[in-house]
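Colleague: pasting the structure only:
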């Protein structure tokens, strides 16, 4: 096609497309309206929840004047405090361990060929795609069998609680961290590492001074993701938790099932603010340092959200 | 630098004899194995073994106290899945998951297309506002609907005010679908957006040049090209909806038991572990098939 013909042809089509996307048309108006409705759908429930958490009415969905009373209740409630404490400890510990293990796993898979690599790759993906409920059932059966065995063998009295929750959170977080770090490693220029090795850097030094600084945003993104997933998880935790310890989401879930109270409103708002804070933090980390998980692909890679259904 | 000046140990590397290559591959393999080792071991013990235990339990039978025993093994638990009550639950779960997926697709597709028509600056901001609900606490987001839909809640008062009478959908399947759509819509939007954004818009212009109507353009150009996104998004919505547990527990009622809740009940109250285990396995199989379809359709990220 000659350049002129092309110009003539596309200009007419371009005009039509442009007319479609710039000027007013019923289709365009409908598209815009749909978009704003979707945003309203996303945010109105959250906004209403926040509003009603300040309502003095005992009925959770009715306005009865402004009060901070439910937040006072929340602060005074010791079981909630204990649950928060457990949540935070589980989240921090499981994040630290899964970041180390997940980053090592990502390096191994992206940089080396070794025996059992493909099996490992598959095993690493499974915790991401497995349904929440299945994973929860796995943890329940595993810990009851495992602790029974240990108690029988050593006469100990192990029960599900803090340790079993943390262990199960690490089991899913390793995979999420490694996916995020792998994406970052894949986008990194390998020659830099090779150059460092050529210049007689030790393997460790090449990693410490060349690879690590480059994958740092990925590692940070993975850590924030692990933290979020751990703080939000309900289903797996519910099955891995025992009478010894519960996390905040599991405790709140139990409260909701027994009946809604304004106290839950205030706790929910605090949880929501914490989790939105983490989201914004991770978006900022990825934005400022050009992390791998930026963009929808990365979000999907990490999100999959299976820790939430 | 000529070859003669290369340090002796490096020239060996440059020659790359078969022995050398084999030794290097071996060293590589060892390093990789050492790096992967800790995570590998962890996942074997705390993921693969638990999975094996569930698999084993799905073949167990129950003694007269209802405890799972391995004295007699067989497919009993799987046969139970054909029982009317389980079948009803399976079909209901499939139906609600399908409905959720279709609604998400119908709402999410135009939304994603709208995003791609914005300037890149606006688009990034709009995307962030999709990500925030995507990442924020799922339990709380479902709970918000409980507050809104409840008796005397905002929705019922609005419908009452408009003269439709008090709408009471809490604890019905509609409320569950609403909650699932609310929870999983971003899962549809993000892959759809990613695939529509990659489409060369001049193709749409060409379609217009050839006097295609807007609908024909969509039907013949836009939609076929965005198919990977459609498939990816549908799977990402369908699969978690099928196994959903939190949403039906919070927004559904006794009559809307879904697969996820039923499995949990088998373990926590009914204590029929073999049936619970076999159902979790079926659920995982669905998930695996969906994942394979997803990768085949060209999806690379999960």
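Modeller: Noted; the coordinates are in hand. Keep in mind the model is a prediction, meaning the values are calculated, not measured.

Colleague: so where's chain A shaky on pLDDT?
Modeller: Within chain A, the stretches with pLDDT under 70 are A:1-23, A:244, A:287-309.

Colleague: where along the stretch 151-300 of chain B do the helices fall?
Modeller: B:154-161, B:173-197, B:202-209, B:214-217, B:223-225, B:227-242, B:246-251, B:259-268, B:273-296 (DSSP state H, counting those that start in this stretch).

Colleague: got a list of contacts for the last one?
Modeller: Right, helix B:273-296. A:129-131, A:133-134, A:137-138, A:141, B:54-55, B:57-62, B:67-68, B:76-78, B:80-81, B:86, B:231-232, B:235, B:238-239, B:242-243, B:259, B:262-264, B:266-267, B:270, B:302 (CB atoms under 8 Å, 6 or more residues apart in numbering or on different chains). Using the backbone N, CA and C atoms, a C-beta is placed for each residue, glycine as well.

Colleague: next one: the fifth one
Modeller: Contacting residues not belonging to helix B:223-225 are listed as B:195, B:199, B:203, B:230 [CB under 8 Å, 6+ apart].

Colleague: what subset of these is buried?
Modeller: Listed as buried from these are B:195, B:199, B:230; burial here means 16 or more other CB atoms under 10 Å in any protein chain shown.

Colleague: so who does the second one touch?
Modeller: By that I understand residue B:199. Taking CB under 8 Å, 6+ apart as the criterion, residue B:199 is in contact with B:222, B:225, B:226.

Colleague: the first one too?
Modeller: For residue B:195, the set of contacting residues under the criterion of CB under 8 Å, 6+ apart consists of B:225, B:226, B:227, B:228, B:229, B:230, B:232.

Colleague: now those residues in a markdown table, with pLDDT?
Modeller: As requested, the contacts of residue B:195 are exported to a markdown table (pLDDT from 0 to 100):
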| residue | pLDDT |
| --- | --- |
| B:225 | 87 |
| B:226 | 87 |
| B:227 | 85 |
| B:228 | 83 |
| B:229 | 85 |
| B:230 | 89 |
| B:232 | 83 |
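
Colleague: counting neighbours, which of the contacts of residue B:199 comes out on top?
Modeller: Using other CB atoms under 10 Å in any protein chain shown as the neighbour criterion, residue B:226 leads these with 25 neighbours.

Colleague: any idea how far it lies from residue A:206?
Modeller: 42 Å (CB to CB, to the nearest Å).

Colleague: kindly report the same for residue A:51.
Modeller: Counting by CB to CB - residue A:51 and residue A:206 are separated by 55 Å.

Colleague: more neighbours: those two, which one.
Modeller: Neighbour count, other CB under 10 Å: between residue A:51 and residue A:206, residue A:206 has more, with 20 against 15.

Colleague: now the helix or strand where residue A:204 lies, how far from the chain's geometric center?
Modeller: Element membership for residue A:204 (DSSP states H and E) is helix A:203-206. The chain centre lies 31 Å from the centre of helix A:203-206; the measure is CA atoms, centre = their mean, to the nearest Å.

Colleague: contact partners of that helix?
Modeller: The contact list for helix A:203-206, computed with CB under 8 Å, 6+ apart, reads A:193, A:196, A:197, B:31.

Colleague: for residue A:77, grab phi and psi.
Modeller: Taking degrees, to the nearest 10, you get phi -80, psi 110 for the backbone angles of residue A:77.

Colleague: and residue B:68, by the same measure?
Modeller: Backbone torsions of residue B:68, given as degrees, to the nearest 10, read phi -70, psi 130.

Colleague: backbone dihedrals for the residue of the stretch 51-200 of chain A found nearest chain B, please?
Modeller: Nearest residue of the stretch 51-200 of chain A to chain B: residue A:112, at 2.7 Å (CB to the nearest CB). For residue A:112, the backbone dihedrals (degrees, to the nearest 10) come out as phi -130, psi 150.

Colleague: give the burial count for the closest residue to it other than its chain neighbours, as a bare number.
Modeller: Closest residue in space to residue A:112, ignoring its immediate chain neighbours: residue B:32 at 2.7 Å, by CB to CB, 6 or more residues apart in numbering or on different chains. For residue B:32, the neighbour count with other CB under 10 Å is 22.

Colleague: then residue B:69?
Modeller: Residue B:69: 14 neighbours (other CB under 10 Å).

Colleague: so it sits against residue B:61, correct?
Modeller: Yes. Between residue B:69 and residue B:61 there is a contact at 6.2 Å, judged by CB atoms under 8 Å.

Colleague: just how off-centre is stretch B:151-159 within its chain?
Modeller: 32 Å.

Colleague: ok, and the closest non-adjacent residue to residue 253?
Modeller: Because you didn't say which chain, this covers chain A. residue A:234 (5.2 Å).

Colleague: could you do chain B instead?
Modeller: That would be residue B:171: by CB to CB, 6+ apart, it lies 3.1 Å from residue B:253.

Colleague: quick one: low-confidence parts of the stretch 151-300 of chain B?
Modeller: In the stretch 151-300 of chain B (pLDDT under 70), the answer is B:297-300.

Colleague: for residue A:170, what are its contacts?
Modeller: If you count contacts by CB under 8 Å, 6+ apart, then residue A:170 has A:94, A:97, A:98, A:101, B:42, B:46 around it.

Colleague: now for the fourth one, how many residues are close by?
Modeller: Look at residue A:101: counted by other CB under 10 Å, it has 24 neighbours.

Colleague: would a markdown table of the buried ones among the contacts of helix B:223-225 with distance to residue A:254 be doable?
Modeller: A markdown table is the format used below for the buried ones among the contacts of helix B:223-225 (distance: CB to CB, whole Å):
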| residue | distance to residue A:254 |
| --- | --- |
| B:195 | 40 |
| B:199 | 47 |
| B:230 | 38 |
